[in-house]
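Colleague: Here you go, sequence then predicted model.
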Amino acid sequence: MEATAPIRIGVAGVGTVGASLIRLIERHGNDLAVRSGRSIMVNGVSARDRGKDRGVDLSGMAWFDDPVALAGDPGSDIFVELIGGAGGPAREAVETAIMSGKHVVTANKALLADCGTELARKAEAAGVSLNFEAAAAGGIPIIKTLRETLAGNTVSRIYGILNGTCNYILTRMEKEKIGFEECLADAQRLGYAESDPSFDIGGQDAAHKLALLTAIAFGTEVDSTSLYVEGISSISPADFEAADELGYRIRLLGVACRTESGIEQRVHPTMIPRSSAIAHIDGVTNAVAVEADFVGQLILCGPGAGGEATASSVMSDIADIARGDRVGTFGRPASDLEPYRRAAMRAHEGGYYVRLSVFDRPGAFAAIAGRMAERGISLESIVQRHRAPRTTAPGHLVPVEPAPVIMITYDTAEAEIRAALDTIKSDGHIAETPQMIRIEQFD
Ligand code: HSE
């Protein structure tokens with residue numbers, strides 16, 4: 001391949017992102033050639049349905065029914081994988097491309113979260129690039145930022161809003177005071193949620209992205225199995241009401257940080273101060289904050305999904321390869337990635353919001369506070385909210401009805417709050433499973 005010859009790409013998966021990428025190359029081909037030093041051309045494509053109208057002209061490109069055949073075809077220099085999925089044809093095609101000596105650009109977070117270290121090693125051994133800017137936070141250039149721009153820093157913490165569907169649902173629940181199911185149905189109708197929305201709302205989509213960011217930020221092997229993951233389906237309007245009164249917002253966050261016992265990686269609904277920068281990220285927008293020793297805090301926000309934004313990130317990887325910029329997949333040689341040392345979630349320390357549905361009778365409040373004290377948990381506040389109106393006729397016994405009790409703790413260990421809530425549950429003072437949301441104090 002001569003340095004000035006056009007760079008030829010094969011695109012597997014011509015859905016929204018693939019079609020946007022082809023359009024981007026059509027529209028910006030001349031500028032790209034100047035910026036990359038070589039012209040970029042799509043030589044081959046592969047997708048399921050050849051006859052489908054995708055709004056782009058594929059007539060000059062070789063068609064492959066099988067993405068693995070495209071991956072092994074000598075007619076392209078870069079294989080762009082936009083198929084998705086952790087295994088199946090995506091994995092086989094990426095491995096085939098690497099073994100055929102092709103550079104690979106992928107948007108596939110599930111694949112890299114599952115076997116990113118192994119693929120990085122294979123790419124390195126084959127002397128090719130494996131780039132994945134589009135796999136985390138769509139159009140936000142967070143991979144390049146972490147891998148290259150922040151090369152002179154030691155990162156201590158990275159956190160962010162990594163799933164647009166969840167952020168859309170939580171923002172609407174908060175602003176319009178409506179329920180979870182209604183918001184999820186709208187997110188699906190608008191095409192924000194993955195085909196299986198349980199992946200979005202259960203937190204796994206954000207977890208895959210966080211696992212990739214963690215590997216670069218902390219120089220570790222990718223480990224998406226050690227993450228603590230909690231989704232958003234238990235968040236109720238009552239939690240938003242309480243959060244608002246307390247000066248917080250609720251967002252699904254991915255957080256990774258170094259602790260004395262290892263690296264903590266967690267995805268869960270989080271109460272964050274209303275005044276913090278990340279609390280202002282609404283709707284499907286994503287945001288990633290990085291805290292590092294020399295730069296301080298950096299926050300990048302932008303579209304986390306969508307054809308054009310994702311194609312923009314795919315193109316940035318292609319342009320790097322066309323220019324000859326070669327960086328290790330996770331910012332260092334794959335052999336230098338350290339084994340991931342997991343910090344146990346039980347050791348996590350922080351503030352907690354707890355909402356209990358307490359049978360409203362004398363002593364219940366004191367018993368609950370006592371159980372918290374037994375575990376060494378100090379309460380910043382405990383408030384009993386209104387209880388349901390009593391509807392019994394005069395002369396009849398008034399039934400004991402549950403009333404919401406909201407507690408905020410000072411910093412405590414996760415193991416202690418869990419143990420206290422288990423005891424409170426078995427004491428028989430509460431009518432429902434306790435709601436517990438972790439609090440983070442961001443600027
Ligand atoms: N479904 C994802 C989201 C986008 O809602 O953010 C792709 O990862």
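Modeller: The structure has been received and is ready for your questions. Residues are numbered from 1 along each chain as shown.

Colleague: got a list of what the nearest residue to V56 once chain neighbours are set aside touches?
Modeller: Closest residue to V56 apart from its sequence neighbours, by C-beta to C-beta, 6 or more residues apart in numbering: I22 at 4.5 Å. Just so you know, the C-beta spots here come from the backbone N, C-alpha and C atoms, and that holds for glycine as well. Shown in contact with I22 (C-beta atoms under 8 Å, 6 or more residues apart in numbering): 11, 14, 42, 45, 56, 58.

Colleague: Now do the second one against D66, distance only.
Modeller: Using C-beta to C-beta, to the nearest Å, we find V14 at a distance of 14 Å from D66.

Colleague: E432 too?
Modeller: Going from E432 to D66 by C-beta to C-beta gives 52 Å.

Colleague: do the same with G328
Modeller: G328 sits at a distance of 30 Å from D66 (criterion: C-beta to C-beta).

Colleague: what about those two, which has more around it?
Modeller: Between G328 and D66, G328 has the larger neighbour count (other C-beta atoms under 10 Å), namely 18 against 13.

Colleague: That one - that's part of a helix, no?
Modeller: No: G328 is assigned coil when assessed by DSSP: H, G, I helix; E, B strand; the rest coil, not a helix.

Colleague: So which bits of the protein are right by the ligand?
Modeller: With C-beta under 6 Å from any ligand atom as the criterion, the chain meets the ligand at residues 163-165, 192-194, 200, 205, 304-305.

Colleague: change it to 8 Å
Modeller: Contact residues, the chain versus the ligand (C-beta under 8 Å from any ligand atom): 109, 138, 162-168, 187, 192-194, 199-200, 205-206, 209, 284, 286, 304-305, 310.

Colleague: contacting residues for Q297?
Modeller: Shown in contact with Q297 (C-beta under 8 Å, 6+ apart): 289-291, 443.

Colleague: Out of those, which one has the lowest pLDDT?
Modeller: Across the contacts of Q297, the bottom pLDDT score, 83, is held by D443.

Colleague: Chain neighbours aside, what residue packs nearest to that residue?
Modeller: With sequence-adjacent residues excluded and distances taken as C-beta to C-beta, 6+ apart, D443 is closest to S276, at 6.0 Å.

Colleague: Where does pLDDT dip in the stretch 151-300 of the chain?
Modeller: 195 (pLDDT under 70).

Colleague: can you map out the strands along it?
Modeller: Here the stretch 151-300 of the chain has its strands, by DSSP state E, counting those that start in this stretch, at 155-161, 228-229, 248-259, 262-273, 285-292, 296-303.

Colleague: which strands and helices sit next to the helix or strand hosting L421?
Modeller: Secondary structure assigned from DSSP states H and E places L421 in helix 414-427. Using 3 or more C-beta pairs under 8 Å, 6 or more residues apart in numbering; DSSP states H and E, the elements in contact with helix 414-427 are strand 349-359, helix 364-374.

Colleague: Okay, buried residues for the last one please.
Modeller: Judged by neighbour count (16 or more other C-beta atoms under 10 Å), helix 364-374 contains these buried residues: 364-365, 368-369, 371-372.

Colleague: related to what we said a few turns ago, among the contacts of I22, which one lies nearest to the ligand?
Modeller: Taking C-beta to the nearest ligand atom as the measure, the ligand lies nearest V14 of the contacts of I22, at 17.4 Å.

Colleague: Looks to me like that closest one is in a strand.
Modeller: No: checked against three-state DSSP, V14 lies outside a strand; its state is coil.

Colleague: which ones are touching it?
Modeller: Contacts of V14 (C-beta under 8 Å, 6+ apart): 22, 45-47, 54, 56, 58, 82.

Colleague: could you dump these to JSON lines with distance to F132 and pLDDT?
Modeller: Listed next are these as JSON lines, based on distance: C-beta to C-beta, whole Å; pLDDT from 0 to 100:
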{"residue": "I22", "distance to F132": "20", "pLDDT": "98"}
{"residue": "V45", "distance to F132": "20", "pLDDT": "98"}
{"residue": "S46", "distance to F132": "19", "pLDDT": "98"}
{"residue": "A47", "distance to F132": "21", "pLDDT": "96"}
{"residue": "R54", "distance to F132": "23", "pLDDT": "93"}
{"residue": "V56", "distance to F132": "23", "pLDDT": "94"}
{"residue": "L58", "distance to F132": "25", "pLDDT": "94"}
{"residue": "L82", "distance to F132": "12", "pLDDT": "98"}
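
Colleague: So which of the residues you listed wins on neighbours?
Modeller: In terms of neighbours by other C-beta under 10 Å, the contacts of V14 top out with S46 at 29 neighbours.

Colleague: and the angle from the helix holding L421 to helix 364-374?
Modeller: Counting by axes from the mean of the first three to the mean of the last three C-alpha atoms, to 10 degrees, helix 414-427 points 150 degrees away from the direction of helix 364-374.

Colleague: Quick one: list the elements packing against the next helix or strand after helix 414-427.
Modeller: Going down the chain from helix 414-427, the next helix or strand is strand 435-439, by DSSP H and E. For strand 435-439, the elements it packs on are strand 262-273, strand 349-359, judged by 3+ C-beta pairs under 8 Å, 6+ apart.

Colleague: which of those is buried the deepest?
Modeller: strand 262-273 (a mean of 22; mean count of other C-beta atoms under 10 Å).

Colleague: gap between it and the chain center?
Modeller: 11 Å (C-alpha atoms, centre = their mean, to the nearest Å).

Colleague: who are the neighbours in contact with the closest residue to V314 other than its chain neighbours?
Modeller: Excluding the flanking residues, the one nearest V314 by C-beta to C-beta, 6+ apart is A134, at 4.8 Å. For A134, the contact set (C-beta under 8 Å, 6+ apart) comprises 17, 105-107, 310-311, 313-314, 317.

Colleague: What about these, which are in strands?
Modeller: 105-106 (DSSP state E).

Colleague: Using JSON lines, lay out the contacts of A134 together with neighbour count.
Modeller: Output for those, formatted as JSON lines (neighbours: other C-beta atoms under 10 Å):
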{"residue": "V17", "neighbour count": "26"}
{"residue": "V105", "neighbour count": "29"}
{"residue": "T106", "neighbour count": "29"}
{"residue": "A107", "neighbour count": "26"}
{"residue": "T310", "neighbour count": "25"}
{"residue": "A311", "neighbour count": "26"}
{"residue": "S313", "neighbour count": "28"}
{"residue": "V314", "neighbour count": "27"}
{"residue": "D317", "neighbour count": "26"}
